Every structure is written in C-alpha cells, then in structure tokens.
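Asker: the amino acid sequence is not available; the structure is as follows:
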Ligand code: NAD
C-alpha cells in the first residue's frame, strides 16, 4: 500500500486525509497552521514540519492549498516538492488554481521525470468528509491508472478528462462559474420571498420539486441560510478566486462573457465589504442588508 503525504490540512485537506487514514493508509501531513497539524495527529496521522520530510516519508503526495501563490511556493519553491522529489514520487494537486500554474508545475516535473496530476475536486467539505467528492483529473493516463484506487477513497465520481494537465481544472472552473451564478440567483430570489412573507422552509419544499431546484440552493439554504450561520464551508474569497481564473480562461481564448464579468465584479465588491472569509452563501445576507429600496 502506498504511503501518502498531505500538504494543506484545511477545510478540505483535513477531512480528505482522515478518509485516507480510515481506509488504512499511512498519512504524513504538513501545514503552516499548528492547529491543523494537531487535528491530523488526533485522527491518527503523522505530522511533520518540512516538505522534505513529507517527501521522504511518502510515495504519493497530495496538496490542497488555498491560492496559486501557496501552490507555487509548495511545488516550485526552494526545498519545495519538485526540488525534493525523485522520479519514484507521485504528486497530485487537488487545489483549484490557474490552468497556467498546472502547466508550469507539469513542465518542472517533466524536467525531473516526476509524475504529476492536476486533480481539482468538487463536493465541498461534506463531500470530503463523506468521501463522495467528484475528482476531475488532467494528466497522463498511466499515472491516472496507477493512482485511481487512492482517488476512489476520496471520491465517488472520478473523471479522467484527458491527458492535458489543465483539462480537469477547466472543467472545475466551468463548474464554479455555475456555482457563482446559482449562489447569486438564490440570494436575490429568496429575498423576494422574504419581502412577500413567504416562509423560506415552505419555499424550499415547493422549489425542491420544481425546476427552480438546484444542489446549490439546497446546500446554501439548508446548511447555511436556514441556520443563519455562514462559517465555511466554501469561502466567498475562494469562489471569487475561481471566477477570476474562469475569466482568465475566457480572456485567453478571446471570449467576451459580459454576464460572468458582472458576476465577478459583484463577488469582488462583497469580499471587499468584509464577507470574504464567510461561506459563499453569505451573499444572501448581504443582499438582505442592501437591497431595500
Ligand atoms: P483552507 O484555507 O481551509 O485550507 C488551506 C490550508 O492550507 C490551510 O490549513 C493553510 O494553513 C494551508 N496552507 C496555506 N499555505 C500553505 C503552505 N505554503 N504550506 C503548507 N500549508 C499551507 O482552504 P480549503 O477550503 O481547504 O480549500 C483548499 C483548496 O481546495 C482550494 O484551492 C479550494 O479552491 C479548493 N476547494 C475547496 C472547496 C471547499 O468547499 N472548501 C471545495 C472544492 C475545492
């Protein structure tokens, strides 16, 4: 059985690591945050304070990091993953980053004959906890086939999009562009119900069996809006990041997407107002506060 390293033990990385430990894998974790390391230790993982040590103790190393900058540092920095790995190691980034960064890391890995896949995930913290994530993989088929049994521990639906390293990322960014639209739509639509004194639980029951239903409405309403608790979850600033990457893909392919651009401007504004660390569904609260004419 492969020994696994996990770098980035946040909202996603910690439950993903726990799932692997429960399936009997030895997991060595690394994170800048002390509390995250302690949580992994309590779950039965080994913890360490350097990337070099993760590499030394693992055959397959996952990363789940919050920004392109963090992914770049961890992979391409001095004493980073590429620097410290040899050709026996398999590296898989599950973060959502710019497609160009997938390509940059793949090129650096190729130069050292390291195996690398870009495999962003969807399904949120609940999907990570229940091991039901959707995983969208770009990269060489041979590497994909080798790691598939481990990916199947993390998720229920594993897709090898194609051999282009950034193909999984493109699918993931399309997914998150839609999440951005649904979240904005739910926020404004529910506010009409408020104004007309329609009970939001009743509304949910009716729309749940109508075409207005969506998994994002279900998630945003049942987990966050109904409880008036917007602790992440999937933070609004992470969604804004993904919308920016999606718009970069559009720009790089000479696409003009005016509706999506407006959406990105909205999320940027709301983040600047101080909602960035809350779950993205907090947009509903902001709409409620600001939309009374
Ligand atoms: P998070 O902010 O909760 O966790 C990131 C972790 O990485 C933190 O514990 C942080 O301390 C650690 N970290 C940051 N820089 C580091 C570094 N240089 N070295 C080591 N550790 C470092 O983020 P998250 O919600 O777990 O998301 C992780 C990735 O997964 C993101 O790319 C996000 O877009 C993607 N994602 C998130 C969700 C979600 O619902 N949260 C769903 C799908 C995909």
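Answerer: Perfect, I can see it now. Keep in mind the model is a prediction, meaning the values are calculated, not measured.
Asker: now do the residue lying closest to residue 131 once chain neighbours are set aside against the ligand, distance only.
Answerer: Spatial nearest neighbour of residue 131, excluding adjacent residues (Cβ to Cβ, 6 or more residues apart in numbering): residue 19 at 4.5 Å. C-beta here means a position set from N, CA and C on the backbone, and glycine is covered the same way. As judged by Cβ to the nearest ligand atom, to the nearest Å, residue 19 and the ligand stand 14 Å apart.
Asker: give the buried residues for the strand or helix carrying residue 19.
Answerer: Element membership for residue 19 (DSSP states H and E) is helix 13-22. Using 16 or more other Cβ atoms under 10 Å as the test for burial, helix 13-22 gives 13-21.
Asker: spell out which parts of this structure neighbour the ligand.
Answerer: Neighbours of the ligand within the chain, by Cβ under 6 Å from any ligand atom: 7-13, 30-33, 36, 64-66, 70, 73-74, 95-96, 121-122, 124-125, 234, 238.
Asker: kindly write the PyMOL command that selects the buried subset of those.
Answerer: Entered in PyMOL, the line below selects the buried ones among the residues of the chain next to the ligand, by 16+ other Cβ under 10 Å:
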select buried, resi 7+8+9+10+11+12+13+30+31+36+64+65+66+70+74+95+96+121+122+124+125+234+238
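Asker: mind checking which of the residues of the chain next to the ligand are in helices?
Answerer: Mapping the residues of the chain next to the ligand onto helices (DSSP state H) picks out 13, 36, 70, 73-74, 124-125, 238.
Asker: closest to residue 197 among those residues?
Answerer: For these, the residue nearest residue 197 by Cβ to Cβ is residue 124; the value is 31.3 Å.
Asker: which residue ranges of the stretch 101-250 of the chain form helices?
Answerer: Taking DSSP state H, counting those that start in this stretch as the test, the helices found in the stretch 101-250 of the chain are 124-129, 141-154, 167-195, 200-207, 215-219, 236-252.
Asker: any chance of JSON lines for those helices, columns mean pLDDT?
Answerer: Formatted as JSON lines, the helices of the stretch 101-250 of the chain follow (pLDDT from 0 to 100):
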{"stretch": "helix 124-129", "mean pLDDT": "94"}
{"stretch": "helix 141-154", "mean pLDDT": "97"}
{"stretch": "helix 167-195", "mean pLDDT": "97"}
{"stretch": "helix 200-207", "mean pLDDT": "97"}
{"stretch": "helix 215-219", "mean pLDDT": "96"}
{"stretch": "helix 236-252", "mean pLDDT": "96"}
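Asker: ok, which of the ones you listed comes nearest residue 84?
Answerer: Closest of the helices of the stretch 101-250 of the chain to residue 84 is helix 141-154, at 18.8 Å (criterion: Cβ to Cβ).
Asker: for that closest one, which positions count as buried?
Answerer: Using 16+ other Cβ under 10 Å as the test for burial, helix 141-154 gives 143-144, 147, 150-151, 154.
Asker: want to throw these into a markdown table with distance to residue 249?
Answerer: Shown next, in a markdown table, are the buried residues of helix 141-154 (distance: Cβ to Cβ, whole Å):
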| residue | distance to residue 249 |
| --- | --- |
| 143 | 24 |
| 144 | 22 |
| 147 | 26 |
| 150 | 28 |
| 151 | 24 |
| 154 | 25 |
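Asker: what is the nearest of those residues to residue 227?
Answerer: Using Cβ to Cβ, the buried residues of helix 141-154 come closest to residue 227 at residue 154, 27.0 Å.
Asker: that closest one reaches residue 18, doesn't it?
Answerer: No. With contact defined as Cβ atoms under 8 Å, residue 154 does not count as touching residue 18 (10.8 Å).
Asker: on that earlier part again, which among the buried residues of helix 141-154 gets closest to the ligand?
Answerer: residue 154 (11.5 Å; Cβ to the nearest ligand atom).
Asker: mind listing what that closest one touches?
Answerer: 16, 19-20, 94, 121, 128, 131, 133, 135 (Cβ atoms under 8 Å, 6 or more residues apart in numbering).
Asker: make it 7 Å
Answerer: Contact analysis of residue 154 by Cβ atoms under 7 Å, 6 or more residues apart in numbering lists 16, 19, 131, 133, 135.
Asker: now, which of these sits nearest the ligand?
Answerer: For these, the nearest to the ligand is residue 133 (7.8 Å; Cβ to the nearest ligand atom).
Asker: count of residues packed around that closest one?
Answerer: Residues lying near residue 133 (other Cβ atoms under 10 Å) number 27.
Asker: touching, it and residue 120? I think so.
Answerer: No. Assessed by Cβ atoms under 7 Å, residue 133 is found out of contact with residue 120, at 9.8 Å.
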